[in-house]
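K.L.:
need a 3D model of the sequence below.
(2 chains)
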Amino acid sequence: MDYLILIFQLIIFPGFLFTAVIGLVISWVDRKVTAKVQMRVGPPLLQPFYDILKYMIKETCVPEGASKIFFLSAPLFGFAAVNVAALIVWQSIIHPQAAFMGDLVVVLYLLTVPALSLVLGSFASKNPLASIGGSREIKLIMAYELPFLLAVLVPVIKTHSIRLADILGAQAAVLAPSGILALVVAIVVMQAKLALVPFDCSEAETELTGGALIEYSGPALGMYKLTRVMLWVVMPLFVMVVLLGGINLNNGWQGILAGIGKYVGLVVVAVLIRNTAPRVRIDQAVRFFWGKVTFVAVAAAILALMGY
Amino acid sequence: MSKKTIIPIGPYHPLQEEPEFFKLHVDGETVVKVDIELGYNHRGVEKLAESKTFEQAVYFVERICGICSTSHPIACCQAIEDAGEVKVPERALYIRSIIGELERLHSHLLWLGLAGHFLGFNTVWMWVWRYREDVINCLEIITGNRNHYCMMKPGGVRRDIKGEDIPTILGVLNGLKKPLDLFYKTVNQDPVLQARTRNVGILTRQNIIDYCGVGPLARASGVAIDVRKDHPHAAYGMVDFKVITTTKGDVFDKVDVRILEMFESVSIIKQCLEALKKTPGPIDANPAVIKAGDGIGHYEAPRGEVIHYIRSDGSNRPARHKIRAPSYVNVATNRTAVVGQSIADATIILGAVDPCYCCTERMAAIRVDNGEKTLTADDLIKLSWDKTSRLRKELGAAGPVLPLD
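P.N.:
Residues are numbered from 1 along each chain as shown, chains lettered A, B, ... in the order given. Okay, the predicted model is just below:
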């Protein structure tokens, strides 16, 4: 029975289906807000669902000379990882007692897999534009992972625990100065992890015409898009759990509303950043993450160690 | 060194939707060499023009390009007038300049939007194109068309600008001031935009001279070349304006020059409208025959100098018609500007030339079998007239009479 419950949790609630539906709605919000900012009308509510549906019924073309196994399995890695990550993060909110030691580290690992699967797929497709997109993605991962780890380290230092539920149970890290710095770093890294402007160098539609994803079509492309959509939920949620106190389900409606408010706030910040900045060059992005962002992240970690 | 990767941009440009082919030879992210291949869109325009009468030829060269659709006709008319020694009435000269400057406004706005899109700054793209609509509406009020205005003819212009429409046009121009200020401020203050455009794709003064660059591209590198000033044509000798130049020659300067030129364009149009009130008279010299002879007409198109050469043998058709568009010289500058830059910068540098590959394609016939309504050319023209008259009602302008009903 335990296995059946786990499978239910993974596939329906709060894993794949639940997260994907929220993600698709949020991606509609993103598109609608973007459209409003740009003086356009924007798509109807169900458009993201139609898009995914359409990907599923289209043909998947494998380019000649591409490594078929890697090309087709790459999207699955990212998709599977984001599903498990979604389950763990949600569980830490819904069933804190069920959380296991070290789930924080597992989630950190799982959150890098979507980007790595993109790299794998892009190199497997044997397209020069895709391989440039893939190499940019590698550079980006190397650039943003260090500051992101440092930012996550802040609540770990404060609570002396690498269990999400413990961090969630303690006071929200953002209430301290170190937590505020960590939040700023996390928001910037989130922008890169969600591949949004100004850090969408790997897909750069206007430079690489889709870059890493250029050769993908049909369900395989749909899988990447779905992964991205679910990241729209998992990333802000993870940042909320480690830094903002997550969603408090014990406080009734107020707690849930406050949680939704935090989530929407993070999404709105991401959407606004993406609409008010041009894309940076990859060298500028790397310098930005290794310079300013890492500096702020180190400062946050030191402050946390000093007890602030 | 191992084999270099070639990044193809084209043969059909993913953004500009025009046929050209840039082969970027890259080493990692750095471009080491660029091959430029043009000529995918050869249509035999010059030969075709020789089979048209002079009046038809003007109408025909308007179809060379959808963006500079009044630059070619003005240059062509001037070439014909030069060959036939036709004197154009003053009022027609002012109207030519007004249409020409309105076109420059919408063309520069189009480019500015595209530049934003190249940099992934889609908000700029959408905003700029939103305000470009105002300019295009203004053109539709005056001429009846958004593009392809059909205003020019040898010896003058086809339609007059009525006195009662001048306030509407001025209203549109005054409405542009705020957005233009906003764009200028955004470009000059946004730190990320600066990081992406400053010191990128530098063309020195010497580069421009070597490549014979023209237009805003040359002016951004400090070469004050502007046909409107150097060889005043249309009404440009009778109005006051500055030739905008900057010194650096990077992408930022190219943006800057174009935005500042738009302010000048607005000022030129205002002066012309003022002069129009005081200059009554015919708008067309109606030349009966074009004498035998050679004529050269050049016009400062939004992208630089466009030259038309016409030889008349005294018949009603050009014996020879030669056209040189500004992009022909400007695109070649990419061979210097792109090398040594990263791929990310290459796209904006290639775009900063504001290339125009002389692009209009003919209408494609589509067979519709599933009971959908098929619109004929006449239906489309009717729809367009309806829209124009609706627009005029909204903006309270009269404009030239439409052949409705």
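K.L.:
please identify the helix or strand for residue 34.
P.N.:
Since you didn't name a chain, this refers to chain A. Using DSSP states H and E, A:Thr34 sits in helix A:16-37.
K.L.:
meant chain B, my bad for not saying
P.N.:
Applying DSSP H and E, one finds B:Val34 within strand B:30-37.
K.L.:
now do B:His298
P.N.:
Residue-wise, B:His298 maps onto strand B:293-301 under DSSP H and E.
K.L.:
number of residues surrounding residue 295?
P.N.:
Picked chain A for this. 13 (other CB atoms under 10 Å in any protein chain shown). Quick note: C-beta positions are derived from backbone N, CA and C, even for glycine.
K.L.:
looking at chain B here, not the other one
P.N.:
B:Gly295: 23 surrounding residues under other CB under 10 Å.
K.L.:
show me what the helix holding A:Thr34 is packed against.
P.N.:
Judged by 3 or more CB pairs under 8 Å, 6 or more residues apart in numbering or on different chains; DSSP states H and E, helix A:16-37 is in contact with helix A:47-57, helix A:68-94, helix A:218-239, helix A:253-275.
K.L.:
between the ones you listed, which one is closest to chain B.
P.N.:
Using CB to the nearest CB as the measure, helix A:253-275 is the one of these that comes nearest chain B, at 4.9 Å.
K.L.:
which other residues reach the closest one?
P.N.:
A:26, A:29-30, A:33-34, A:37-38, A:187, A:190-191, A:194, A:196-198, A:232, A:236-237, A:239-240, A:244-249, A:251, B:122-123 (CB atoms under 8 Å, 6 or more residues apart in numbering or on different chains).
K.L.:
pull out the buried members of those residues.
P.N.:
A:26, A:29-30, A:33-34, A:37-38, A:187, A:190-191, A:194, A:196-198, A:232, A:236-237, A:239-240, A:244-247, B:122-123 (16 or more other CB atoms under 10 Å in any protein chain shown).
K.L.:
got the buried residues for stretch B:152-168?
P.N.:
B:152-161, B:165-166, B:168.
K.L.:
returning to what we had before: now do the helix holding A:Thr34, average pLDDT.
P.N.:
The average pLDDT within helix A:16-37 is 90.
K.L.:
so who does the residue in chain A positioned nearest to chain B touch?
P.N.:
Chain A approaches chain B most closely through A:Arg279 (3.1 Å), counting by CB to the nearest CB. Neighbouring residues of A:Arg279 by CB under 8 Å, 6+ apart: A:197-201, A:204, A:206-207, B:119-121, B:196, B:344.
K.L.:
sorry, back to before: so which of the buried residues of stretch B:152-168 are in strands?
P.N.:
Among the buried residues of stretch B:152-168, the members falling in strands (DSSP state E) are B:152-153, B:156-157.
K.L.:
what about B:Lys23, which SS state?
P.N.:
Here B:Lys23 takes the strand state, with states given by DSSP: H, G, I helix; E, B strand; the rest coil.
K.L.:
the residue nearest to it when sequence neighbours are not counted and chain A, how far apart?
P.N.:
Among residues not flanking B:Lys23 along the chain, B:Asp35 sits closest, at 4.0 Å (CB to CB, 6 or more residues apart in numbering or on different chains). Here B:Asp35 is placed at a distance of 15 Å from chain A (CB to the nearest CB, to the nearest Å).
K.L.:
B:Asp35: neighbour count?
P.N.:
Per other CB under 10 Å, the neighbour tally for B:Asp35 reads 12.
K.L.:
hmm, B:Phe22 and it touching each other?
P.N.:
Yes. Between B:Asp35 and B:Phe22 there is a contact under CB atoms under 8 Å: 7.2 Å.
K.L.:
in terms of pLDDT, where does the closest residue to B:Pro19 other than its chain neighbours sit?
P.N.:
Nearest residue to B:Pro19, sequence neighbours excluded (CB to CB, 6+ apart): B:Tyr40, at 3.6 Å. Looking at B:Tyr40, its pLDDT stands at 74.
K.L.:
now do the helix or strand B:Leu93 falls within and strand B:293-301, the angle between them.
P.N.:
B:Leu93 belongs to helix B:90-118 when assigned by DSSP H and E. Between helix B:90-118 and strand B:293-301, the angle comes out at 50 degrees (axes from the mean of the first three to the mean of the last three CA atoms, to 10 degrees).
K.L.:
what mean pLDDT does helix B:90-118 get?
P.N.:
Mean per-residue pLDDT for helix B:90-118: 90.
K.L.:
next: stretch B:22-30.
P.N.:
84.
K.L.:
send me it as PDB with only the CA atoms.
P.N.:
Only the C-alpha atoms of stretch B:22-30 are listed here, as PDB (Å, rounded to 0.1, in the frame of the first residue of the first chain):
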ATOM      1  CA  PHE B  22      25.900  35.300 -43.200                       C
ATOM      2  CA  LYS B  23      28.300  32.400 -42.500                       C
ATOM      3  CA  LEU B  24      30.000  33.100 -39.200                       C
ATOM      4  CA  HIS B  25      33.200  31.100 -38.800                       C
ATOM      5  CA  VAL B  26      33.500  30.800 -35.000                       C
ATOM      6  CA  ASP B  27      36.200  29.700 -32.600                       C
ATOM      7  CA  GLY B  28      34.200  29.000 -29.400                       C
ATOM      8  CA  GLU B  29      32.000  32.000 -29.100                       C
ATOM      9  CA  THR B  30      34.200  34.400 -31.100                       C
END
